[in-house]
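[1] Sharing a model prediction with you, sequence too.
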Amino acid sequence: MRLSGALVAAISSSSRSFTSLRMNALTSNVPLVHTSAFALVPADEVWEPIQSLRSKYRDAGLFRWPPHVNLIYPFVLPKNYGVMSDTLSTLSVDSFEVTFTSSDVGVFGGEDRGVLWLRPESNGKIESLQDEIVKALKLPNQKPKRPFVPHLTISHFASRQEAEDARDEILSGSSPFQPITFQCDRLAMLQRNGDSGQFFCNREFLLDGGDAREMPYHYPNMPTEEFDWLPRVRGALNTRRKRNKKKRRSNNQNNNNGPPT
């Protein structure tokens, strides 16, 4: 028995709707973990000046993280990467150019924390892509507390002032910051094994124009061993984070108590 064209179209549409509902149900209930990230990782050939800055300013994440711009972090467990890829398969995005320049060296923080970072210039492509991905995946807890600002962390500091001093040194140094440009043709689902492991690319989301690499992909320019200063710097960062978290919790409790009677 031959089915009419209208019936075939209806069945196809129903199948797509069922698949979409199934994907939404799967992605909206998955746990998010800090040993997984969905990120833009610069092309291997432009790492050297970025890694040099991260090393100079003692980035606590130098051994564990490749240079990266997080799009979603924390992210899903690796066993769910396949579902994520299937959900994103409907997106069609052309590769695009990304540039870092001296005007893109930024700082944020306050009196008890500071972050030095590079802002990637892409004519809004990264922001638009991140928005599309968040809407497509429908992961839990993805309502932003503040607007998404794409950034590549250079290092963490004990205060904003220390981060600003480092930025001034970069901009006024004897070796001017040279523009870094690369073609973004893929995004990475990054995984690390345990809290002390290095992140590697478990699965790629290829943009139009990107060529697939063999997975898993271990970035060839990652440090092969920890520098002797890293445990001390990482320990100091963790201590500051715990202290700041405790301070925020205390402030929230005080604010919730209301005015004195």
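    That came through fine.

[2] Geometric centre of the protein: which residue is closest?
    For the chain, the residue nearest the mean C-alpha position is N70 (0.9 Å; Cα atoms, centre = their mean).

[3] so where does that residue fall, helix or strand?
    strand 69-72 (DSSP states H and E).

[4] got the contact list for that strand?
    By Cβ atoms under 8 Å, 6 or more residues apart in numbering, the list of residues contacting strand 69-72 from outside reads 37-41, 120, 126, 129-130, 133-134, 137, 139, 142, 150-152, 187. (Glycine included, C-beta is placed from N, CA and C.)

[5] strands paired with it, and their directions?
    Applying DSSP bridges, strand 69-72 is found paired with strand 36-40 (antiparallel).

[6] How far off centre is the partner strand?
    Offset of strand 36-40 from its chain centre (Cα atoms, centre = their mean, to the nearest Å): 5 Å.

[7] what's the answer for stretch 111-129, then?
    10 Å.

[8] Equivalent analysis for stretch 29-36, please.
    13 Å.

[9] That one: which residues count as buried?
    30, 32, 35-36 (16 or more other Cβ atoms under 10 Å).

[10] Just send the residues you listed back as TSV, with secondary structure too.
    Listed next are the buried residues of stretch 29-36 as TSV, based on DSSP: H, G, I helix; E, B strand; the rest coil:
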residue	secondary structure
V30	coil
L32	strand
T35	coil
S36	strand
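
[11] Dump these into a markdown table; add distance to F100 as well.
    Output for the buried residues of stretch 29-36, formatted as a markdown table (distance: Cβ to Cβ, whole Å):
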| residue | distance to F100 |
| --- | --- |
| V30 | 33 |
| L32 | 28 |
| T35 | 27 |
| S36 | 25 |
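
[12] Take those and lay them out in JSON lines including distance to D228 and pLDDT.
    Converted to JSON lines, those look like this (distance: Cβ to Cβ, whole Å; pLDDT from 0 to 100):
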{"residue": "V30", "distance to D228": "38", "pLDDT": "84"}
{"residue": "L32", "distance to D228": "33", "pLDDT": "94"}
{"residue": "T35", "distance to D228": "25", "pLDDT": "96"}
{"residue": "S36", "distance to D228": "28", "pLDDT": "97"}
